[in-house]
Each structure stands twice: as C-alpha cells, then as structure tokens.
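*Asks:* Can you look at this prediction? I've put the sequence above it.
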Amino acid sequence: MDIALIRTFLTVADTGSFVNASARLFVTQSAVSLRVQRLEDNLGKVLFLRSKAGVELTAAGRAFEQYALSMIKLWEEARQQVGVPQGFTSSLIIGAQYSLWPRLGFRWLDALQAARPTLALRAEMGMPDRLTRFLIEGVVQATLTYIAQQRPGLTVVPVMEDELLLLSSFPVDDIGGIGDAYVYTDWGPEFTQAHAVSLPDMTNAGLTLKLEALGVEYIVNRRAAAYVPARSAKRHLDAGRLHLVPGAPVFPYPVWAVFRDDLPDDIRQIALETLTRVADQAEDAQDDVMQALARISEDDITRLGDD
C-alpha cells in the first residue's frame, strides 16, 4: 500500500480537516482529497465523515487508524535499518526545536559520535507538534523540545531548566518604561498562563512573535522589548544591544527529551548518558550567565516564587 496515502490519512485524522492537512503536507487540498478517496476505494470503506466544520473518523476509520500507525512505524523501522550506512552498526534519528539545536542538539550529536562511533546519526528540526507527530510515526526516535506531549509509546524525560528574561533594546528604569515597545513572544501555554497572572497589564501587545530564537533578532534590531531565553542574553548584553529590564519577573522554561519506547535499550542508554552530560554542561553555562546578569544588576532580577 502507498505510504503517502497512509500518511495523508493520519494527517487528516490529526488535523480534523483536508485544508489543515494540505497545509501540513505542503500539497493541494485536492491532492489530499484524492489520496483519501483512493485509500477508501482500496479498503472499500468510508474513513471520514465530511461536514462544513471539518472531518471526523468513522468507525472504520478509527479501526484503520491503529493499523495505519503500525504500518508507518514498520516502514520507518525498515527504512532506518536498511539505510544504515556501510561501516555503521545502528542508527538514531534525533529531532529538536530550532532554538535547541545550537546549545544542546549539536553538542549531543558530538557526544554521541564520541561515545559510539559506529552509531549513524540523523538530525531533524520542527515545532513541538510536528516533532510529536514524527515520534508517533517513527520518523524520529528522540526529540528535544520545550513543550512535551505525553502519548502512548513515548517517554518524557526532564533535561534542564531554562529561564526567560525580559530584555529591551533600549535602557529603561523599570518595566513601566517599556510602553508600547513590548512585543509578546509566544513560548507556549505554560508561559502564556504565567505571563497573564504575573503581568496582566501586558497581555494585549500589538505584536506577537512565535519564532523561537529568531524573535531575539527582531528585538535586537528594533526599538522593542520581549522575553528572551537566558542562554541568548549574555552575548547581547555584553555587546550593549540588549538591556535587562529592572524588576521584571523571570519565568522558568524547562527543556524535555522525548524517546520512543521501542528504541533499543543500548541506544537509549547511551543517548540518555550523553544527553545528561551535555545538559549538565549547559546548566553550568547558564549559571554563569545568571551570575553575570546579577552582577550587571544585582537587584533587578525577580524570580517567580521569590519573596
């Protein structure tokens, strides 16, 4: 059976509409409709109930979904094993959010190569929802993400605690000096909730960015202020491009690793051991950043929960 048809079926089921599925798959809506129709013709069953509100799985569709996931998983396993390069004994495919590659992902690859030279590695990038879908389908076997979704067949492991700081491209005496220069950066639902509680007067920013680390570049090059990960702060502060906003709360921002449960035990062990070492080094570097920031403004950083 055509793997593209199965992937399209799963994408439509996940997004709830042909339009959203076409956007995710980067094909036309008519192509999605045709693929679903071909699959339904092959099976002799209607898989989706169509309506103006979207689509939902029929009883046959729900039954087929489990087989579809198994077929995708088997296909990816076969592709990975057959595709192991000559001279290597096994492979591991890692996915991570864009902003996590420079600090953790690349170092994790280095550590894995040093620890097991016969392990072939492949790197993927994506937003949290895409990475979760890749994990479920077996496209990747492990991910680094700020927003982990607990799903059957996946194991979520805490990696490290990052922090979000309010920085501006111009100096201010306090948070009130930002005015309409504030840009809301979407760092996920937990940040949104904490931000609304701690800064209720700053929830209606005229501009919202969901660009991960690229949002920092927007702030640096304009008269603007936004929450930025601590790991990105020091170099901009040292260069005078950004300034710490006195009295602004600091929000926790944890990093998670997610592994497929069927990852071979030996690869899982070496992946966890190397990631732990890399994360410890990153934690030490972040402590240095926070100490440097404290020296810049000893009383200006107020962590949530501090009295």
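*Replies:* Okay, I see it. Residues are numbered from 1 along each chain as shown.

*Asks:* Can you list the low-confidence ranges for the stretch 151-300 of the chain?
*Replies:* The stretch 151-300 of the chain contains residues with pLDDT under 70 at 284-300.

*Asks:* What ranges does it have for its helices?
*Replies:* Secondary structure of the stretch 151-300 of the chain by DSSP state H, counting those that start in this stretch: the helices cover 189-198, 214-220, 233-238, 265-296.

*Asks:* Domains in the protein, by residue range?
*Replies:* For the chain, automatic domain parsing gives the domain ranges 3-81, 88-307.

*Asks:* I'd like the helices of the stretch 151-300 of the chain as a markdown table, with distance to Thr28 appended.
*Replies:* No exception for glycine: its C-beta is placed from N, CA and C like everyone else's. A markdown table is the format used below for those (distance: least, Cβ to Cβ, whole Å):
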| stretch | distance to Thr28 |
| --- | --- |
| helix 189-198 | 32 |
| helix 214-220 | 28 |
| helix 233-238 | 42 |
| helix 265-296 | 39 |
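
*Asks:* Tell me which of those sits nearest to Ile136.
*Replies:* Shortest distance between Ile136 and the helices of the stretch 151-300 of the chain, using Cβ to Cβ, is found for helix 265-296: 17.4 Å.

*Asks:* hang on, the earlier thing: output the helices of the stretch 151-300 of the chain in a markdown table; the columns should cover mean neighbour count and distance to Ala181.
*Replies:* Converted to a markdown table, the helices of the stretch 151-300 of the chain look like this (neighbours: other Cβ atoms under 10 Å; distance: least, Cβ to Cβ, whole Å):
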| stretch | mean neighbour count | distance to Ala181 |
| --- | --- | --- |
| helix 189-198 | 14 | 17 |
| helix 214-220 | 18 | 9 |
| helix 233-238 | 17 | 16 |
| helix 265-296 | 15 | 20 |
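
*Asks:* Which among the ones you listed is found nearest to Pro85?
*Replies:* In terms of Cβ to Cβ, the element of the helices of the stretch 151-300 of the chain nearest to Pro85 is helix 265-296, at 15.8 Å.

*Asks:* next SSE after the strand or helix carrying Glu124?
*Replies:* When elements are assigned from DSSP states H and E, Glu124 belongs to strand 119-125. Scanning forward in sequence from strand 119-125 by DSSP H and E, the next helix or strand is helix 128-137.

*Asks:* Buried residues in that next one, which are they?
*Replies:* Within helix 128-137, the residues that count as buried by 16 or more other Cβ atoms under 10 Å are Pro128, Arg130, Leu131, Thr132, Arg133, Phe134, Leu135, Ile136, Glu137.
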